[in-house]
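Peer 1: Predicted model follows, preceded by the sequence.
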Amino acid sequence: MTKNFETKFTGVAFIVAALLLWIGWALSPHHIGEYVAAADFEAIGENVWYWIWMYRIHIFGWVAMGVAIFSLVSFTAKRTSRVLILPGAGVLIIGTFTLAIANAFYYNFGAWGVGKTAGLSASEIEDFVNGILYTNQYVTCFVRFGRVFSGVGLVLLGLGFIKWNIVSKWLGWFTVVLGFVAMGIIMGIPDNFEIYKPVFHVKVIWLLIMGGTLLWKGVNVSKSE
């Protein structure tokens, strides 16, 4: 097993990503659903700046996750293993940043909408929400496919872990199963926004385990040279 600056930096990046993602979500005073609703603006407006900062922390969690995956692939995608590691990491990174962009929409429209709806009547606020529905439809598509792309990437990455024993076998299978579950929920269940929520927490756990494994055990890259 190899332990060096590369594995330590990457391990820390995974753990930072997990903490930012989960802390930003857990400490947020209000969570927007699949579509921005009129009631969201009142709830956000109760503590708008705190809500903004929690959302910023959450979004930077996705960015940190992208950094961690980029770093991981830099020293695990060797001559043979890159056939699975590179496409797996690449699709996972695309999915991760797609989710970051989608979350930025909810963050921006949530904060902006507080000011735009201040002093409006209930019917006027509803008209405002209906006016952004068209854009919201695109964003929910980003959310769904960001999750699907991430799932595909996890499956390929996990298979690479297993074939070349880069990390423990159980962690490789955990990665594969997580990817299939993510894809299955999004593509198999039409109304999936609430049902998918537990998968987010499992992904955070996966990030923590990956970070801990890299810090304490390192990786095996000898068979993938």
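Peer 2: Cool, got the structure.

Peer 1: any chance you could map the strands in the protein?
Peer 2: Taking DSSP state E as the criterion, the chain contains no strands.

Peer 1: and the lengthiest helix in the chain, what other elements does it pack with?
Peer 2: Using DSSP state H, we find that the single longest helix of the chain is helix 82-117. For helix 82-117, the packing partners by 3 or more CB pairs under 8 Å, 6 or more residues apart in numbering; DSSP states H and E come out as helix 38-45, helix 48-76, helix 122-131, helix 133-163. For glycine as for every other residue, the C-beta is placed from the backbone atoms N, C-alpha and C.

Peer 1: mind checking how far the closest residue to S28 other than its chain neighbours is from Y35?
Peer 2: Distance criterion CB to CB, 6 or more residues apart in numbering; nearest residue to S28, sequence neighbours excluded, is M54 at 4.1 Å. According to CB to CB, to the nearest Å, M54 and Y35 sit 20 Å apart.

Peer 1: So which of those two has more stuff around it?
Peer 2: Shown here are M54 and Y35; by other CB atoms under 10 Å, M54 has more neighbours (21 against 15).

Peer 1: so what's V152 up against?
Peer 2: Residues near V152 by CB atoms under 8 Å, 6 or more residues apart in numbering: 91-92, 95, 179, 183.

Peer 1: Same question for W206.
Peer 2: Applying CB under 8 Å, 6+ apart, we find W206 in contact with 174-175, 178.

Peer 1: now, which of the residues you listed lie within helices?
Peer 2: 174-175, 178.

Peer 1: any idea which of those has the most stuff around it?
Peer 2: Counting by other CB under 10 Å, top hit in these: T175 with 25 neighbours.

Peer 1: Pretty sure it sits against F161.
Peer 2: Yes - look at T175 against F161 with CB atoms under 8 Å: they come within range, at 6.1 Å.

Peer 1: M1 touches N220, doesn't it?
Peer 2: Yes - M1 is within contact range of N220, at 5.4 Å (criterion: CB under 8 Å).

Peer 1: ok, back up a step: quick one: work out the angle between the longest helix of the chain and helix 38-45.
Peer 2: Using axes from the mean of the first three to the mean of the last three CA atoms, to 10 degrees, the inter-axis angle of helix 82-117 relative to helix 38-45 is 90 degrees.

Peer 1: Helix 82-117: how far from the chain's middle?
Peer 2: 7 Å (CA atoms, centre = their mean, to the nearest Å).

Peer 1: Pull out the buried positions in it.
Peer 2: 82, 84-100, 102-107, 109-111, 113-114, 117 (16 or more other CB atoms under 10 Å).

Peer 1: And for stretch 13-26?
Peer 2: Result for stretch 13-26 [16+ other CB under 10 Å]: buried residues 13-22, 24-25.

Peer 1: Next up, the contacts around I23.
Peer 2: I23 touches 54, 57-58, counting by CB under 8 Å, 6+ apart.
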